[in-house]
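Participant: Fold the following.
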Amino acid sequence: MATTEETAVPQDGSDLTFPAVNAARELNLGVPEDFPVDPISSGVATAKELKEETEARARAKAEAGATAAAKCDVGGTLTSVLMVTAVVVAAVGVAIFVTKKLKET
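Facilitator: Residues are numbered from 1 along each chain as shown. Model (predicted):
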């Protein structure tokens with residue numbers, strides 16, 4: 001059997017295992033954890049975000065208005081198509097009626 005000198009276990013009872021390691025910290029040594037915030041650029045970024053948000057709302061509102069106008073335009077287009085179709089059908093009916101009358105006489 002092995003003696004205590006051969007197993008290399010200290011007699012004072014301390015443990016020879018490795019200490020726990022923070023893997024995220026060890027892998028990202030060059031990355032600082034706290035970044036300084038520049039108040040001027042932060043204000044510019046916030047103003048830009050607000051401006052973009054306002055423009056997006058305006059675009060959405062304009063598109064909604066355009067959609068309503070397109071719906072009205074579709075209704076007007078449908079009405080005009082039906083009117084033209086009715087006139088053409090009436091003209092064809094008159095032409096057929098006239099040809100029948102000419103054949104009879």
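Participant: Toward the C-terminus, what is the element adjacent to the least confident helix or strand in the chain by mean pLDDT?
Facilitator: None of the helices or strands of the chain scores lower by mean pLDDT, DSSP states H and E than helix 4-7, at a mean of 50. Following helix 4-7 in sequence order, the next helix or strand is helix 23-27 (DSSP states H and E).
Participant: what's the residue closest to the geometric middle of the protein?
Facilitator: residue 56 (12.3 Å; Cα atoms, centre = their mean).
Participant: Find the helix or strand that that one is a member of.
Facilitator: Using DSSP H and E, residue 56 falls in helix 39-104.
Participant: Got the domain ranges for this protein?
Facilitator: Recorded structural domains for the chain (assignment: the TED database) are 39-70, 71-104.
Participant: Which one of these has the poorest average confidence?
Facilitator: When the domains of the chain are compared by mean pLDDT, domain 39-70 comes last with a mean of 84.
Participant: In that domain, which residues are buried?
Facilitator: Of the residues in domain 39-70, none count as buried by neighbour count, 16 or more other Cβ atoms under 10 Å. (Each C-beta comes from the backbone N, C-alpha and C, glycine too.)
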